[in-house]
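>>> Sequence and predicted model, in that order:
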Amino acid sequence: MRIPRKRSLAVAALGAAAALLATAGVSSAAPGLGITDVPTPNTKVAGFPRPDKLSPELARHIVAQGSMALENPSGANTYYGYDGTDPLIPLPGTTLEAQKTEPDKNTYLVLPFQKGADPAYDYGSHFLFQGHETGAPGYITRVNLDADVDHRVTLLANSDVTGAPLPVFDGSTWDPFAKRLLFTAELGNSGGVWQATTAVPAQVQDMSGALGRGGYEGIQNDSLGNLYIVEDVGGATLPDKSKAPNSFLYRFVPVNRADLAAGGKLQVLSLQNAGGTAAFDASVNSADVAALHTYGTSFKASWVTIHDTAVDGSTPFDSNALAKAKGGTPFKRPENGVFRPGTNFREFYFTETGDTNATSGANAQFGGWGGVLVYKQANASATGGTVSLVYKGDQDHTGLDNIAFLNADHIGVVEDAGDGLHSQRNALDSAYDIQVSHDYSDGALPVRFLAEGRDASATIDSGLSSLSPLPADFHNEGDNEITGIHVSDGDPTVFGILGVKIPTAFETLGRWRTFYTQQHGDNVTYQVTRRPFTFRPQDEVNDN
């Protein structure tokens, strides 16, 4: 959007004034990013869709949507975002609709010589990979960003190398050492990590014998080939609606980083209490949990080995149970994490979703609103470090889920607050910019760059999901959710590991590309750029 010069000067003056107000709890603009705050979220009103609201400097562009047919359908897997052949929205007077598969975390790669279902078609070199969070069987898709609509989405796999159907997936990343895509399943002691080739069809292998079975979601390499895994397993709910911390931060140290199947050590992060002399008390609403969610408090942390394939073998094991047995420290539903660029993998930032309930007794003091935490270490091979609070959530900024660095100092964090909390606070989800070097104890607020709305399909689902009894043929979610925020230049080498290079999010022309998926409803995946958008694939050149 072009701003006339007179208006631009006025906007600049207002921006300066707004910056002064930021310390009083008002957000205005993200320093260094040049994006303006979206002042209010979208409200939730039964029966009414809501348009999304973006910062005016940004534009978004559909790269795939749920109703795009797979170029090579297989069994129930027929569309990018739907299973089967049932109607994609209910016909008049009915509640029957197709199962929505909810494409989740995005992984962008620039790869030459990739093939697809059509041997005569040129698929280009720019690809976006994702697993799907619901449906049966689970499956992996590749969005061919250079392709036409008929060749836009390719099914990579819906079964593993043994022929077993794939589970549903939440997280994903690219491991440049093993040269494999890694997908995580957030399924408790049935979850884990699966590795996949990029071929069509992909060769997919269950890695639970080495990395364990857990409610894994976030997964990220470091420069040594270690894997950091963030678990999301909900804990028991108390009468006051607060939930027990029940999810862990893991590190997998492979024997051979080029071959994860060779095994290695799975470690869990263990914190000492506020005095630094005893184990962290992670019981619900303990003093240590309160201190962890207080600005200025830092906890010593160390990595504890809970499984070593050289000693314990390669039979799949329950990582959550072992973490509890061996002194791991549980958190309030952490979901995703990423290394801060330019720190040589010394700073790992991760989200806590929290209790996602406005009536939780843990909200004010004990992390019920979640937030962003950071684990800091001396180097990538350190045996421990410290954990401290970066940003403490509140009712208007909670359910924090996916996370990606936008540049060296700013992270994009998105909400998954859930339908219940949407109704309680009368606000749908948002995406925020958080400046990690800022001390948010001063009351400043993060910049909202996306206030998600609700598409017509999700509005219908929200209404159906509120019926009692629930229709027997209805099995979908309600309100839209933001997921899969991802900023990458697509470099598949070790120099492309997230955290090596300084990203520049929202580029209009250039190497770095920014994506997210609007889950539920129409299940649309977007690329976000600055205005105007004229991306040409030839402007991006692969280093390899």
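Perfect, I can see it now.
>>> could you point out which element follows the lowest-mean-pLDDT helix or strand in the chain?
Least confident helix or strand, the chain: helix 5-22 with a mean of 33, by mean pLDDT, DSSP states H and E. Following helix 5-22 in sequence order, the next helix or strand is strand 53-54 (DSSP states H and E).
>>> Partner strands of that next one and their direction?
strand 447-451 (antiparallel) (DSSP bridges).
>>> elements contacting the helix or strand following the partner strand?
Once strand 447-451 ends, the next helix or strand along the chain (criterion: DSSP H and E) is helix 456-465. With contacts taken as 3 or more CB pairs under 8 Å, 6 or more residues apart in numbering; DSSP states H and E, helix 456-465 sits against no other helix or strand. Glycine gets a C-beta too; all of them are placed from N, C-alpha and C.
>>> give the contact list for residue 291.
When contacts are counted by CB atoms under 8 Å, 6 or more residues apart in numbering, residue 291 touches 274, 297, 299.
>>> which residues in the protein form helices?
5-22, 208-211, 287-292, 309-312, 319-325, 418-425, 456-465 (DSSP state H).
>>> Pull the second one out as PDB, backbone CA atoms only.
In this case it means helix 208-211. Taking only C-alpha atoms (Å, rounded to 0.1, in the frame of the first residue of the first chain), the coordinates of helix 208-211 have been written out as PDB:
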ATOM      1  CA  SER A 208      11.000 -44.900  17.700                       C
ATOM      2  CA  GLY A 209      13.700 -47.500  18.500                       C
ATOM      3  CA  ALA A 210      16.200 -44.700  18.700                       C
ATOM      4  CA  LEU A 211      14.200 -41.600  19.600                       C
END
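>>> Could you check stretch 366-383 and say which residues are buried?
366-377, 380 (16 or more other CB atoms under 10 Å).
>>> Give the rounded mean pLDDT of it.
Regarding stretch 366-383, the rounded mean pLDDT is 97.
>>> Endpoint to endpoint, it covers what distance?
With CA to CA, to the nearest Å as the measure, the ends of stretch 366-383 fall 28 Å from one another.
>>> How about stretch 78-95?
End-to-end distance (CA to CA), stretch 78-95: 20 Å.
>>> for it, what is the average pLDDT?
On average, the pLDDT along stretch 78-95 is 93.
>>> contacts for it?
Around stretch 78-95, the neighbours that count as contacts under CB under 8 Å, 6+ apart are 64-70, 73, 76-77, 96-103, 132, 135-136, 141, 143, 153, 457, 460, 464, 471, 473-474, 522-523.
>>> What subset of these is buried?
64-68, 70, 76-77, 97-103, 132, 135-136, 141, 143, 153, 457, 460, 464, 522-523.
>>> residue ranges for the strands of the stretch 401-544 of the chain, please.
Here the stretch 401-544 of the chain has its strands, by DSSP state E, counting those that start in this stretch, at 410-415, 430-435, 447-451, 481-488, 513-519, 524-530.
>>> re earlier: what is the nearest of the buried residues of stretch 366-383 to residue 39?
Nearest to residue 39, judged by CB to CB, of these is residue 369 at 20.5 Å.
>>> That closest one against residue 363, yeah?
Yes. Here residue 369 reaches residue 363: they are 5.3 Å apart, a contact under CB atoms under 8 Å.
>>> Give the residues shared as contacts by the two.
With CB under 8 Å, 6+ apart as the test, residue 369 and residue 363 both reach 354-355, 395.
>>> Look up how far residue 183 lies from residue 309.
Per CB to CB, to the nearest Å, residue 309 is found 21 Å from residue 183.
>>> the more surrounded of these two?
Using other CB atoms under 10 Å as the criterion, residue 309 and residue 183 rank with residue 183 on top: 32 against 20.
>>> Residue 456: how many residues sit nearby?
12.
>>> Need the pLDDT of the residue nearest to it when sequence neighbours are not counted.
Leaving aside its chain neighbours, residue 456 sits nearest to residue 49 (4.9 Å; criterion: CB to CB, 6 or more residues apart in numbering). Each residue has a pLDDT score; the one for residue 49 is 97.
>>> correct me, but residue 49 touches residue 454?
Yes. Assessed by CB under 8 Å, residue 49 is found in contact with residue 454 at 5.3 Å.
>>> Neighbour count for the two, which is higher?
residue 454 (28 against 17).
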